[in-house]
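turn this into a model:
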Amino acid sequence: MDQLIIKDLELFAYHGVNQEEKNMGQKFILDATIDLDLSVAGDNDAIGSALHYAKLCHELQDVFTQTKHDLIERAATVLCHYILNHYSQVATVDLTLKKPWAPIHLPIDYPAVRLVRRWHKVYIALGSNLGDKQEHINQALEHINALQHTQLVKSSSLIITSPVGYTDQDDFLNGVCEVKTLLSASRLMDALLDIEKKLGRIRTTHWGPRTIDLDMLYYDDLVTDDPHIILPHPRMNERRFVLEPLNEIAPYALHPLLKKRTFELLNAQGLA
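Now for the predicted structure:
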(Lines give C-alpha, C1' and ligand atoms only; values in the text may rest on other atoms or scores of the structure.)
Protein backbone atom coordinates (compact mmCIF):
# COMPACT_ATOMS: atom_id res chain seq x y z
CA MET A 1 0.00 0.00 0.00
CA ASP A 2 1.06 3.61 -0.58
CA GLN A 3 2.41 5.57 2.36
CA LEU A 4 2.53 9.17 3.56
CA ILE A 5 5.55 9.76 5.79
CA ILE A 6 5.97 12.50 8.38
CA LYS A 7 9.45 12.54 9.91
CA ASP A 8 10.97 14.49 12.79
CA LEU A 9 7.99 16.73 13.49
CA GLU A 10 9.03 18.72 16.59
CA LEU A 11 6.31 19.40 19.14
CA PHE A 12 6.50 21.21 22.47
CA ALA A 13 4.14 20.04 25.18
CA TYR A 14 3.74 19.44 28.92
CA HIS A 15 3.51 15.64 29.19
CA GLY A 16 5.29 13.65 31.90
CA VAL A 17 4.91 11.96 35.25
CA ASN A 18 6.99 14.59 37.06
CA GLN A 19 5.27 17.85 38.00
CA GLU A 20 8.33 19.71 36.73
CA GLU A 21 7.71 18.30 33.27
CA LYS A 22 4.12 19.50 33.38
CA ASN A 23 5.22 22.97 34.50
CA MET A 24 8.19 23.59 32.21
CA GLY A 25 7.32 21.47 29.19
CA GLN A 26 9.75 19.84 26.79
CA LYS A 27 10.39 18.86 23.19
CA PHE A 28 8.96 15.73 21.59
CA ILE A 29 9.69 14.37 18.11
CA LEU A 30 7.08 12.54 16.08
CA ASP A 31 7.52 10.16 13.15
CA ALA A 32 4.46 8.73 11.39
CA THR A 33 4.01 6.38 8.47
CA ILE A 34 0.43 6.44 7.23
CA ASP A 35 -0.87 3.73 4.89
CA LEU A 36 -3.45 4.93 2.35
CA ASP A 37 -4.22 4.82 -1.36
CA LEU A 38 -2.45 7.73 -3.10
CA SER A 39 -3.26 6.63 -6.66
CA VAL A 40 -6.11 9.12 -7.24
CA ALA A 41 -4.00 12.08 -6.05
CA GLY A 42 -1.16 10.79 -8.20
CA ASP A 43 -3.42 10.72 -11.25
CA ASN A 44 -5.35 13.99 -10.96
CA ASP A 45 -2.78 16.21 -9.17
CA ALA A 46 -5.53 17.79 -7.02
CA ILE A 47 -4.96 18.64 -3.36
CA GLY A 48 -8.55 17.63 -2.62
CA SER A 49 -7.67 14.05 -3.50
CA ALA A 50 -4.67 13.96 -1.18
CA LEU A 51 -4.23 13.85 2.56
CA HIS A 52 -3.08 17.43 3.23
CA TYR A 53 0.04 16.74 5.27
CA ALA A 54 0.65 20.37 6.27
CA LYS A 55 -2.89 20.61 7.65
CA LEU A 56 -2.44 17.28 9.40
CA CYS A 57 0.83 18.37 11.07
CA HIS A 58 -0.85 21.46 12.53
CA GLU A 59 -3.81 19.38 13.70
CA LEU A 60 -1.47 16.94 15.42
CA GLN A 61 0.25 19.83 17.17
CA ASP A 62 -3.12 21.13 18.41
CA VAL A 63 -4.24 17.68 19.61
CA PHE A 64 -0.87 17.02 21.25
CA THR A 65 -0.98 20.21 23.32
CA GLN A 66 -4.67 20.20 24.31
CA THR A 67 -4.25 17.90 27.31
CA LYS A 68 -1.33 17.05 29.62
CA HIS A 69 -0.67 13.31 29.85
CA ASP A 70 1.58 11.44 32.28
CA LEU A 71 2.73 8.89 29.70
CA ILE A 72 3.95 9.18 26.13
CA GLU A 73 2.07 5.93 25.51
CA ARG A 74 -1.17 7.81 26.13
CA ALA A 75 -0.11 10.86 24.12
CA ALA A 76 0.83 8.64 21.16
CA THR A 77 -2.45 6.70 21.40
CA VAL A 78 -4.47 9.93 21.25
CA LEU A 79 -2.60 11.00 18.10
CA CYS A 80 -3.18 7.62 16.38
CA HIS A 81 -6.87 7.70 17.19
CA TYR A 82 -7.19 11.27 15.94
CA ILE A 83 -5.74 10.36 12.53
CA LEU A 84 -7.92 7.26 12.13
CA ASN A 85 -11.09 8.98 13.32
CA HIS A 86 -10.66 12.08 11.15
CA TYR A 87 -9.22 10.63 7.94
CA SER A 88 -11.36 7.76 6.67
CA GLN A 89 -8.95 7.01 3.81
CA VAL A 90 -6.22 5.99 6.28
CA ALA A 91 -5.80 2.23 6.69
CA THR A 92 -2.97 2.07 9.23
CA VAL A 93 -0.94 4.49 11.35
CA ASP A 94 2.60 3.56 12.43
CA LEU A 95 3.63 6.29 14.88
CA THR A 96 6.81 6.78 16.91
CA LEU A 97 6.96 9.42 19.64
CA LYS A 98 10.39 10.34 20.98
CA LYS A 99 11.15 12.20 24.20
CA PRO A 100 14.73 13.51 23.81
CA TRP A 101 14.64 15.71 26.94
CA ALA A 102 13.34 13.00 29.27
CA PRO A 103 14.80 13.46 32.78
CA ILE A 104 16.92 10.30 32.81
CA HIS A 105 20.28 11.89 33.72
CA LEU A 106 22.24 9.34 31.69
CA PRO A 107 23.74 9.54 28.19
CA ILE A 108 20.92 8.54 25.82
CA ASP A 109 19.55 9.89 22.54
CA TYR A 110 15.92 9.45 23.53
CA PRO A 111 13.34 7.00 24.88
CA ALA A 112 10.41 6.46 22.54
CA VAL A 113 7.25 4.47 21.99
CA ARG A 114 6.05 3.08 18.69
CA LEU A 115 2.37 2.28 18.10
CA VAL A 116 0.72 0.65 15.10
CA ARG A 117 -3.03 1.20 14.96
CA ARG A 118 -5.76 0.48 12.41
CA TRP A 119 -9.45 -0.20 12.21
CA HIS A 120 -10.51 -3.80 12.77
CA LYS A 121 -13.53 -5.44 11.14
CA VAL A 122 -15.56 -7.55 13.58
CA TYR A 123 -18.70 -9.65 13.21
CA ILE A 124 -20.82 -10.16 16.32
CA ALA A 125 -23.75 -12.58 16.72
CA LEU A 126 -26.70 -11.38 18.80
CA GLY A 127 -29.40 -13.53 20.39
CA SER A 128 -32.22 -13.15 22.91
CA ASN A 129 -35.04 -15.40 24.20
CA LEU A 130 -36.19 -13.65 27.38
CA GLY A 131 -38.59 -10.72 27.76
CA ASP A 132 -38.81 -8.22 24.90
CA LYS A 133 -36.30 -9.92 22.59
CA GLN A 134 -36.42 -7.29 19.87
CA GLU A 135 -35.84 -4.49 22.38
CA HIS A 136 -32.90 -6.30 23.99
CA ILE A 137 -31.19 -6.70 20.62
CA ASN A 138 -31.92 -3.07 19.69
CA GLN A 139 -30.40 -1.90 22.98
CA ALA A 140 -27.37 -4.13 22.48
CA LEU A 141 -26.76 -2.57 19.05
CA GLU A 142 -27.05 0.91 20.56
CA HIS A 143 -24.57 0.02 23.32
CA ILE A 144 -22.12 -1.45 20.79
CA ASN A 145 -22.33 1.66 18.62
CA ALA A 146 -21.70 3.82 21.71
CA LEU A 147 -18.47 2.03 22.64
CA GLN A 148 -15.35 4.15 22.50
CA HIS A 149 -13.61 4.04 19.11
CA THR A 150 -16.22 1.63 17.75
CA GLN A 151 -18.82 2.11 15.00
CA LEU A 152 -21.75 -0.06 13.99
CA VAL A 153 -21.42 -0.56 10.22
CA LYS A 154 -24.47 -2.70 9.44
CA SER A 155 -26.74 -5.32 10.93
CA SER A 156 -28.77 -8.19 9.54
CA SER A 157 -32.48 -8.75 9.81
CA LEU A 158 -33.52 -10.96 12.72
CA ILE A 159 -34.63 -14.58 12.47
CA ILE A 160 -36.50 -16.85 14.90
CA THR A 161 -34.67 -20.08 15.73
CA SER A 162 -35.21 -23.05 18.03
CA PRO A 163 -32.92 -23.38 21.07
CA VAL A 164 -29.81 -25.58 20.81
CA GLY A 165 -28.44 -27.82 23.60
CA TYR A 166 -30.88 -26.98 26.41
CA THR A 167 -34.17 -27.15 24.47
CA ASP A 168 -36.72 -26.58 27.27
CA GLN A 169 -36.89 -22.84 26.69
CA ASP A 170 -38.44 -20.25 24.39
CA ASP A 171 -37.32 -19.71 20.79
CA PHE A 172 -34.52 -17.23 20.12
CA LEU A 173 -34.39 -14.08 18.05
CA ASN A 174 -30.99 -13.98 16.32
CA GLY A 175 -29.00 -11.62 14.13
CA VAL A 176 -25.44 -10.55 13.26
CA CYS A 177 -23.83 -7.14 13.05
CA GLU A 178 -20.59 -5.80 11.59
CA VAL A 179 -18.58 -3.19 13.50
CA LYS A 180 -15.30 -1.37 12.96
CA THR A 181 -13.24 -0.76 16.06
CA LEU A 182 -9.88 0.41 17.31
CA LEU A 183 -10.23 -1.78 20.42
CA SER A 184 -8.21 -4.96 20.76
CA ALA A 185 -10.14 -8.24 20.59
CA SER A 186 -9.73 -8.73 24.34
CA ARG A 187 -10.94 -5.22 25.23
CA LEU A 188 -13.88 -5.54 22.85
CA MET A 189 -14.80 -8.87 24.47
CA ASP A 190 -14.73 -7.20 27.90
CA ALA A 191 -17.02 -4.48 26.57
CA LEU A 192 -19.48 -7.03 25.13
CA LEU A 193 -19.62 -8.89 28.45
CA ASP A 194 -20.30 -5.57 30.17
CA ILE A 195 -23.19 -4.88 27.76
CA GLU A 196 -24.64 -8.33 28.54
CA LYS A 197 -24.59 -7.44 32.27
CA LYS A 198 -26.24 -4.07 31.65
CA LEU A 199 -29.03 -5.81 29.74
CA GLY A 200 -29.67 -8.21 32.61
CA ARG A 201 -28.01 -11.41 31.49
CA ILE A 202 -27.57 -13.86 34.37
CA ARG A 203 -25.45 -16.96 33.70
CA THR A 204 -27.06 -19.91 35.53
CA THR A 205 -27.78 -22.74 33.06
CA HIS A 206 -25.31 -23.55 30.26
CA TRP A 207 -27.01 -22.62 26.97
CA GLY A 208 -30.01 -21.56 29.09
CA PRO A 209 -32.43 -18.64 28.61
CA ARG A 210 -30.87 -15.19 28.36
CA THR A 211 -31.88 -11.60 27.79
CA ILE A 212 -28.95 -11.10 25.44
CA ASP A 213 -26.08 -13.15 24.08
CA LEU A 214 -23.19 -11.47 22.25
CA ASP A 215 -20.62 -13.71 20.54
CA MET A 216 -17.67 -12.42 18.58
CA LEU A 217 -17.48 -14.47 15.37
CA TYR A 218 -14.56 -12.89 13.49
CA TYR A 219 -12.05 -10.20 14.45
CA ASP A 220 -10.31 -9.55 11.13
CA ASP A 221 -8.73 -12.93 10.36
CA LEU A 222 -7.39 -13.38 13.90
CA VAL A 223 -7.06 -16.92 15.26
CA THR A 224 -6.71 -17.31 19.03
CA ASP A 225 -6.82 -20.06 21.67
CA ASP A 226 -7.30 -17.63 24.57
CA PRO A 227 -10.13 -19.02 26.75
CA HIS A 228 -11.34 -15.43 27.23
CA ILE A 229 -11.98 -15.11 23.52
CA ILE A 230 -11.58 -17.98 21.08
CA LEU A 231 -11.49 -16.82 17.46
CA PRO A 232 -13.02 -17.56 15.11
CA HIS A 233 -16.02 -18.66 17.18
CA PRO A 234 -15.51 -22.46 17.48
CA ARG A 235 -19.03 -23.61 16.56
CA MET A 236 -20.24 -20.87 14.26
CA ASN A 237 -19.96 -23.01 11.12
CA GLU A 238 -22.49 -25.51 12.59
CA ARG A 239 -25.17 -22.99 13.51
CA ARG A 240 -27.93 -21.83 11.20
CA PHE A 241 -28.83 -18.99 13.56
CA VAL A 242 -25.34 -17.58 12.96
CA LEU A 243 -24.71 -18.42 9.31
CA GLU A 244 -28.02 -17.19 7.88
CA PRO A 245 -27.82 -13.63 9.23
CA LEU A 246 -24.06 -13.52 8.61
CA ASN A 247 -24.67 -14.57 5.01
CA GLU A 248 -27.11 -11.69 4.62
CA ILE A 249 -24.49 -9.02 5.44
CA ALA A 250 -21.20 -10.81 4.63
CA PRO A 251 -21.68 -13.72 2.20
CA TYR A 252 -18.02 -13.56 1.11
CA ALA A 253 -16.42 -13.25 4.57
CA LEU A 254 -13.72 -15.91 4.78
CA HIS A 255 -13.44 -18.30 7.73
CA PRO A 256 -9.71 -18.04 8.61
CA LEU A 257 -9.35 -21.73 9.57
CA LEU A 258 -11.79 -23.53 7.28
CA LYS A 259 -10.90 -21.25 4.34
CA LYS A 260 -14.53 -21.13 3.26
CA ARG A 261 -16.78 -18.17 2.69
CA THR A 262 -20.05 -17.75 4.54
CA PHE A 263 -22.24 -18.99 1.69
CA GLU A 264 -19.99 -22.04 1.33
CA LEU A 265 -20.35 -22.81 5.06
CA LEU A 266 -24.13 -22.64 4.63
CA ASN A 267 -23.96 -24.99 1.66
CA ALA A 268 -21.69 -27.41 3.55
CA GLN A 269 -24.24 -27.69 6.36
CA GLY A 270 -27.14 -28.10 3.96
CA LEU A 271 -28.55 -24.87 5.33
CA ALA A 272 -28.69 -22.80 2.16
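
what's the span of stretch 216-226, first residue to last?
From its first residue to its last, stretch 216-226 covers 13 Å (C-alpha to C-alpha, to the nearest Å).

ditto for stretch 97-104
17 Å.

list the contacts for residue 32?
Contacts for residue 32 were tallied using C-beta atoms under 8 Å, 6 or more residues apart in numbering; they are 5-6, 9, 79, 83, 93-96. Using the backbone N, CA and C atoms, a C-beta is placed for each residue, glycine as well.

which strands border the strand or helix carrying it, and is each parallel or antiparallel?
Assessed by DSSP states H and E, residue 32 sits inside strand 26-36. Strand 26-36 pairs in its sheet with strand 3-13 (antiparallel), strand 90-98 (antiparallel), by DSSP bridges.

re the thing from before, which pair of the contacts of residue 32 spans the longest distance?
Pairwise distances among those were taken by C-beta to C-beta; the largest, 15.1 Å, belongs to 5 and 79.

show me the contacts for the residue nearest the centre of the chain.
For the chain, the residue nearest the mean C-alpha position is residue 181 (2.0 Å; C-alpha atoms, centre = their mean). Applying C-beta under 8 Å, 6+ apart to residue 181 gives the contacts 119-120, 122, 147, 149-151, 188.

just the helices from the protein, written as ranges.
Residue ranges of the helices in the chain, as given by DSSP state H, are 19-24, 39-44, 53-66, 72-86, 133-146, 185-198, 240-249, 262-268.

who touches the second one?
Yep, that's helix 39-44 we're talking about. So helix 39-44 is in contact with 2, 49-50, going by C-beta under 8 Å, 6+ apart.

buried ones from these, can you make that a ChimeraX selection?
Per 16 or more other C-beta atoms under 10 Å, the buried members of the contacts of helix 39-44 correspond to this ChimeraX selection:
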select :50
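
restricted to buried residues, select the contacts of residue 32 in ChimeraX.
Entered in ChimeraX, the line below selects the buried ones among these, by 16+ other C-beta under 10 Å:
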select :9,79,83,93,94,95,96
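
what mean pLDDT does stretch 5-22 get?
Throughout stretch 5-22, pLDDT has a mean value of 96.

any idea how far that stretch is from the chain center?
Put simply, stretch 5-22 sits 27 Å off its chain's centre (C-alpha atoms, centre = their mean, to the nearest Å).

give me the contact list for stretch 242-251.
Counting by C-beta under 8 Å, 6+ apart, 123, 125, 154-159, 174-178, 215, 217, 233, 236-237, 253, 261-263, 265-266, 269, 271-272 sit against stretch 242-251.

apply 10 Å and report the result again.
Contact partners of stretch 242-251, identified using C-beta atoms under 10 Å, 6 or more residues apart in numbering, comprise 121, 123, 125-127, 153-159, 161, 174-178, 215, 217-218, 233, 235-237, 239, 253, 261-269, 271-272.

can you tell me which of the residues you listed are buried?
Applying 16+ other C-beta under 10 Å to those, the neighbour count classes 123, 125-127, 155-156, 158, 161, 174-178, 215, 217-218, 233, 236-237, 239, 253, 261-266 as buried.

tell me which of these fall in strands.
Among the buried ones among the contacts of stretch 242-251, the residues falling in strands (DSSP state E) are 123, 125-127, 155, 161, 174-178, 215, 217-218.
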